[in-house]
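Colleague: predicted model and sequence follow; I will ask about them next.
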Amino acid sequence: MKLFAHRGVMAHYPENTMSAFRAAIHTGADGIETDVHMTRDGILVLIHDESLERTTDGRGRVVDLTFAELRTANAAVHFGGDEPVPTLEEFLALVMPTTLCVNLELKTDIEHYPGIEERLIEVVERTGFPADRLVISSFNHDTLRRLRKLTTEYELAVLSSRRIADPVAYLKQLDASALHPSVRAFTDAEIEALVEAGIFVRPYTVKTLDQLARFRELDVDALFVNDIEWARTHLTL
């Protein structure tokens, strides 16, 4: 069972920053999950929220800011550091020399960011990041539909915080091969059926020993965790 660093190693580093991503690499994560937004001038940046206030010392919505304006914010302020909000291009360049998988969550469920799918493909192609190490997920399943019309190269993953009626058929209709459910969204029997059907199930966000034990028993493909070392230690006990 693989472990994905959720927003990097956010248990010990500022989330969605280069230091959190480097920590994921150094602690032996199998993959890194991060969140993608788009600035007013079309630059793809990595931050969880639609606005800057919670995670940085900046103010305003990403969609309303130019990249230059956004880069004045300190994304490590709550950890006593000084780091800018990273770009997708910077992140892919960091991970490129490794063997890690990258899960890019397109945050289009509130702000739709028209054209973000085309921009994503453009950045991935420009950096040369391997398509077979890339998973694209979103709570906005129309985003996944649009992306699939543009390319068949990337693995698509459906994010869901609630049950889906006939999830296997639903994923097939989206041409998605993975489901990233909330840890409480599906029963054990439902997860077992998904795994049996060949769906890659990767629950988020696993934070307790009971959850670790449950999903290991269910033989899911991967888990999203905030602390790679904590999860690895308890999975090997």
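Modeller: Ah, there it is. Keep in mind that this is a model prediction, so the values were computed, not measured. Residues are numbered from 1 along each chain as shown.
Colleague: can we go C-alpha only for contacts and neighbour counts from here?
Modeller: Noted.
Colleague: report the buried residues of stretch 170-189.
Modeller: 171, 174-183, 185-186 (16 or more other C-alpha atoms under 10 Å).
Colleague: give the helix, strand or coil label for Ala165.
Modeller: Secondary structure for Ala165, judged by DSSP: H, G, I helix; E, B strand; the rest coil, is coil.
Colleague: again, but for Val45
Modeller: Applying three-state DSSP: Val45 is strand.
Colleague: contacting residues around it?
Modeller: Val45 is in contact with Val36, His37, Met38, Thr39, Val85, Pro86, Thr87, Leu88, counting by C-alpha atoms under 8 Å, 6 or more residues apart in numbering.
Colleague: let's see which of those end up in strands.
Modeller: Val36, His37, Met38 (DSSP state E).
Colleague: okay if I get the residues you listed as CSV plus neighbour count, pLDDT and distance to Ile164?
Modeller: As requested, the ones in strands among the contacts of Val45 are exported to CSV (neighbours: other C-alpha atoms under 10 Å; pLDDT from 0 to 100; distance: C-alpha to C-alpha, whole Å):
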residue, neighbour count, pLDDT, distance to Ile164
Val36, 23, 98, 24
His37, 26, 98, 26
Met38, 31, 98, 29
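Colleague: which one's the longest helix in the chain?
Modeller: helix 116-127 (DSSP state H).
Colleague: just checking: what are the partner strands of the next helix or strand after it?
Modeller: Downstream of helix 116-127, the first helix or strand assigned by DSSP states H and E is strand 134-138. Strand pairing for strand 134-138, using DSSP bridges, gives strand 101-106 (parallel), strand 155-160 (parallel).
Colleague: from Lys149, how far off is the spatially most central residue of the chain?
Modeller: Residue closest to the mean C-alpha point of the chain, counted by C-alpha atoms, centre = their mean, is Glu33 at 3.2 Å. The gap separating Glu33 from Lys149 is 23 Å, by C-alpha to C-alpha, to the nearest Å.
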